[in-house]
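>>> Have a look at this prediction, sequence included:
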There are 2 protein chains.
Amino acid sequence: MNLKSLANLLGMSKTTVSRALNGYPEVNGHTRERVLKAAKEAGYQANPMARGLAMGRTNVFGILYPPLPSDLGDPMFLDVVGGMSEALESMKRNLIIAPVSPQNELASYVQVVRDRRVDGLVVGRTLVHDERIAFLSRVRFPFVAHGRTRAPGVPYAWFDYDNAAGIRIAVDCLLAHGHRRIAMISAPLELNFACQRSESFLTAMSGAGLAIDPRYLIADTLDRRSGHHAMLQLLACTPRPSAVIVDNHLSGVGAVRALLDSGIELGKEISVIVWGAMNDTLAGANVTTIDQPSPRKAGARMVDMLLALNNGAAPETLQELWQPALLAGVTVGRCAD
Amino acid sequence: MNLKSLANLLGMSKTTVSRALNGYPEVNGHTRERVLKAAKEAGYQANPMARGLAMGRTNVFGILYPPLPSDLGDPMFLDVVGGMSEALESMKRNLIIAPVSPQNELASYVQVVRDRRVDGLVVGRTLVHDERIAFLSRVRFPFVAHGRTRAPGVPYAWFDYDNAAGIRIAVDCLLAHGHRRIAMISAPLELNFACQRSESFLTAMSGAGLAIDPRYLIADTLDRRSGHHAMLQLLACTPRPSAVIVDNHLSGVGAVRALLDSGIELGKEISVIVWGAMNDTLAGANVTTIDQPSPRKAGARMVDMLLALNNGAAPETLQELWQPALLAGVTVGRCAD
DNA sequence: CTGAAAGCGCTAACAA
DNA sequence: TTGTTAGCGCTTTCAG
């Protein structure tokens, strides 16, 4: 069933039917009713390709993501995706995820943009220096960055949590409990969030007049295994840190695991704060976390921003910083020293 | 840059240019060269929407998947996706994943089919009774099922591993080690793989003349947490099982974890075999697994099948059963009784 | 308020 | 071997 046959069926022109269906104001109320009814009965639905070709847009938004456990597989990301797709569904638009090889991500962006496969993109896992953002900005393709980047050159739309603030809160909390030997386990520092959190950590520590043992700074951990390994490294130090901050929940799981395996009492011998929800922790260790509220709402918000961009909003008006909050668990305690 | 301008630029008709670009045999070699060169210089690339509209296909294949850790987030699935997208990339086609709400999955299938958004689908996590497969078969939409279903009514294309054989191997292995009290932790039994593996288990056991304590059969576990919980339940039984088979790697991680946490010596006090790669296991417990070789190749194979369907192949000629293999680890040992 | 006609960018009969 | 012409199914001026 296509527009023409539906129009014939009704004895009207394609134009009128199209207008009725798309809610144009100038159609007669009675006519509209008839059309809507007939469309429903016939199960008519406009062909999106034809529609897209005629209108110059697809009503589809996209995310390009590597099919890896630490990217697509990240439960927090999946939550955000859920929020996005739900929001889009309610406005008759769609979300698609295109798996890309992490090697030549940029090439995939170039292709998607040139092909106009989508009306806009969400750029995830932003880097300190992000060529994807540079590219999209240059060609003026609508996108919102899920996370910021350092020196974009031009303003761009972004959604992020306050990385500096979150770490500050965590450090303050640990300091208040008397900790002075605080370590940090970081994701790869090319990632903007890891970089900001790391810098914030250094700033907060030196602000408190504390030097950091270089062995207490471990980076490049973005999965359970490496998080586990990183924590073991810290445990091997003399003296051991009395507290550890993990900047991402994926390695957080591994890090906490390492402590439990080593028979260390969390919150007593060593305190731990992890950035991000730890739903995945098995052993029921109620970990103190820096929580990013409402991933689903975050997704919905990014959808709003995308739509705003499509409606001509200036990117610099679409920058949103949400505040993380310390979610108390049982893994922070007074320093035993 | 579109076809018309490129044609004008070359002083040829759109037709000739189109033919040259699409490798039709009837164009003059010299002409083709000129076209190809000009296209490259101009950075011309056919608009997929227009192309799709004209040709009636999109060159895009799709997967509809819930954005959940146990679905999209499953590392094995991500591997398969990687294999698919790589295979498609090499033939100038694309893969998209559309996140869907697990509640009304079928509605999403109906929509995608009606909209002709893709040329074919992969249906994952097949159920014993799968309405998605029934629907797609009924409307004759090209798809390959990643996993089988019980009573499809009509033949359909599928790719699967031999669930019965895998479990049989595992049971035989345990029997050979003298085990008689063997338990099984299963995914929800609506899932076809879980059902088949469970049935195979029952068959193998009764074939060996062994009765199964009903408490040794635990289902509905498809993530770490529930796997963990299931194993604790088993440990609480008197007598305990001397061996446990876990039918999926997601709960496998949790199950193994539970044993380690309880201080049980794997392969001594209790033997364990898990279906699927356990890369995720932190503690380096080298778990004996029923391995599904080459997820990436599996993905590539499913792409082949999809293309074959598009070329008119009959679904019943596209059914492939791969054999799993026992991958020896250190978690199976002689029964201590 | 409605319709005819042009056009989105491409492919594919059919002629030449 | 190439060009002309007619669509694919929809939206959107422009008349009426």
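On my side now, so go ahead.
>>> Could you use CA atoms for every contact and neighbour count after this?
Will do.
>>> tell me the contacts of A:Thr317?
A:Ala157 (CA atoms under 8 Å, 6 or more residues apart in numbering or on different chains).
>>> Distance of it relative to chain B?
29 Å (CA to the nearest CA, to the nearest Å).
>>> which residues of the stretch 101-250 of chain A fall in helices?
Secondary structure of the stretch 101-250 of chain A (DSSP state H, counting those that start in this stretch): helices located at A:105-115, A:131-138, A:163-176, A:192-207, A:224-235, A:249-261.
>>> Contacts for the fourth one next, please.
Spelled out, it's helix A:192-207. A:125-129, A:147-150, A:163-168, A:171, A:184, A:186-189, A:211-212, A:247.
>>> what residues does chain A put near chain B?
A:45-50, A:52-53, A:67-69, A:72-75, A:78-79, A:81-82, A:85-86, A:95-101, A:114-117, A:224-225, A:228, A:254, A:261, A:280-282 (CA under 8 Å from any CA of the partner chain).
>>> And the average pLDDT for stretch A:61-74 is what?
Mean pLDDT, computed over stretch A:61-74, is 95.
>>> just to revisit the earlier point, out of the helices of the stretch 101-250 of chain A, flag the one nearest A:Val154.
Counting by CA to CA, A:Val154 lies closest to helix A:131-138 out of these; the figure is 7.3 Å.
>>> Remind me what the closest one packs against, helices and strands.
Packing partners of helix A:131-138 (3 or more CA pairs under 8 Å, 6 or more residues apart in numbering or on different chains; DSSP states H and E): helix A:105-115.
>>> Return the set of buried residues in the helix it packs on.
Neighbour-count burial for helix A:105-115, counted by 16 or more other CA atoms under 10 Å in any protein chain shown, picks out A:Glu105, A:Leu106, A:Ser108, A:Tyr109, A:Val112, A:Val113, A:Arg114.
>>> And for it, what's in contact with it?
Against helix A:105-115 from outside (CA under 8 Å, 6+ apart): A:Leu64, A:Val100, A:Val118, A:Glu131, A:Arg132, A:Phe141, B:Gln45, B:Ala46, B:Asn47, B:Pro48.
>>> which residue packs closest to A:Thr331, ignoring adjacent ones?
A:Gly267 (4.0 Å; CA to CA, 6 or more residues apart in numbering or on different chains).
>>> Quickly note the distance from that neighbour to DNA strand C.
62 Å (CA to the nearest atom of the strand, to the nearest Å).
>>> what's near enough to touch that residue?
A:Val330, A:Thr331, A:Val332, A:Gly333, A:Arg334.
>>> cool, and A:Ser186?
Contacts were defined as CA under 8 Å, 6+ apart; by that measure A:Ser186 touches A:Ala194, A:Ser198, A:Leu217, A:Ile218, A:Ala219, A:Asp220, A:Thr221, A:Leu222, A:Val246, A:Asp247, A:Asn248.
>>> redo that, cut-off 6 Å
If you count contacts by CA atoms under 6 Å, 6 or more residues apart in numbering or on different chains, A:Ser186 has them with A:Ile218, A:Ala219, A:Thr221, A:Asp247.
>>> and if you look at A:Tyr65?
A:Tyr65 neighbours (CA under 6 Å, 6+ apart): A:Pro99, A:Val100.
>>> that older thread, ranking by neighbours, what's the top pick from the contacts of A:Gly267?
A:Val332 (24 neighbours; other CA atoms under 10 Å in any protein chain shown).
>>> correct me, but it touches A:Ile273?
No. The criterion here is CA atoms under 6 Å, and A:Val332 misses it with A:Ile273 at 7.2 Å.
>>> what's the overlap in contacts for those two?
With CA under 6 Å, 6+ apart, A:Val332 and A:Ile273 have no common neighbours.
>>> quick one on the thing from earlier: so which of the contacts of A:Ser186 comes closest to DNA strand C?
A:Thr221 (44.2 Å; CA to the nearest atom of the strand).
>>> so what's whichever residue of the stretch 101-250 of chain A sits closest to DNA strand C scoring on pLDDT?
The stretch 101-250 of chain A approaches DNA strand C most closely through A:Asp115 (9.2 Å), counting by CA to the nearest atom of the strand. Per-residue pLDDT puts A:Asp115 at 91.
>>> Below-threshold pLDDT in the stretch 201-337 of chain A: ranges please.
By pLDDT under 70, the weakly predicted segments of the stretch 201-337 of chain A are A:281-284.
>>> cool, and the stretch 1-150 of chain A?
Low-confidence segments of the stretch 1-150 of chain A (pLDDT under 70): none present.
>>> what about the residue of the stretch 51-200 of chain A found nearest DNA strand C, which helix or strand?
As assessed by CA to the nearest atom of the strand, DNA strand C sits closest to A:Ala54 within the stretch 51-200 of chain A, at 3.2 Å. If you go by DSSP states H and E, A:Ala54 is part of helix A:48-55.
>>> Beyond that helix, next helix or strand please.
strand A:60-65.
>>> ok, is that following strand in contact with DNA strand D or not?
No. Interface with DNA strand D: strand A:60-65 contributes nothing (CA under 7 Å from any atom of the strand), its closest point being 14.6 Å away.
>>> Would you pull up the residue in the stretch 101-250 of chain A closest to DNA strand D?
A:Asp119 (14.6 Å).
>>> quick one: contacts for that residue?
A:Val60, A:Phe61.
>>> try 7 Å this time
A:Arg57, A:Thr58, A:Asn59, A:Val60, A:Phe61 (CA atoms under 7 Å, 6 or more residues apart in numbering or on different chains).
>>> State the distance from it to B:Asp162.
Separation of A:Asp119 from B:Asp162 (CA to CA, to the nearest Å) stands at 43 Å.
>>> Kindly report the same for A:Glu86.
Distance from A:Glu86 to B:Asp162, by CA to CA: 36 Å.
>>> What of A:Tyr156?
51 Å.
>>> So for the two, which sits in the more crowded spot?
Between A:Tyr156 and B:Asp162, A:Tyr156 has the larger neighbour count (other CA under 10 Å), namely 23 against 19.
>>> ok, the more buried one touching A:Pro315?
Yes. Contact criterion CA atoms under 7 Å: A:Tyr156 and A:Pro315 qualify, at 4.8 Å.
>>> which residue does the stretch 1-150 of chain A bring closest to chain B?
A:Gly73 (4.0 Å; CA to the nearest CA).
>>> my read: that residue touches B:Met76, true?
No. Counting by CA under 7 Å, A:Gly73 sits too far from B:Met76 to count as a contact (10.4 Å).
>>> Give me the angle between the helix or strand where A:Ile273 lies and helix A:163-176.
Counting by DSSP H and E, the element that carries A:Ile273 is strand A:271-275. Here strand A:271-275 points in a direction 170 degrees away from that of helix A:163-176 (axes from the mean of the first three to the mean of the last three CA atoms, to 10 degrees).
>>> and the angle from strand A:271-275 to helix A:249-261?
For strand A:271-275 and helix A:249-261, the angle between their directions (the same axes, to 10 degrees) works out to 160 degrees.
>>> outside of strand A:271-275, which residues touch it?
A:170, A:242-249, A:252, A:287-291, A:331-333.
>>> The residue of the stretch 1-150 of chain A closest to chain B and A:Leu232, how far apart?
25 Å.
>>> again with A:Asn192
Taken as CA to CA, the span from A:Asn192 to A:Leu232 is 25 Å.
>>> Sweet, I'm off.
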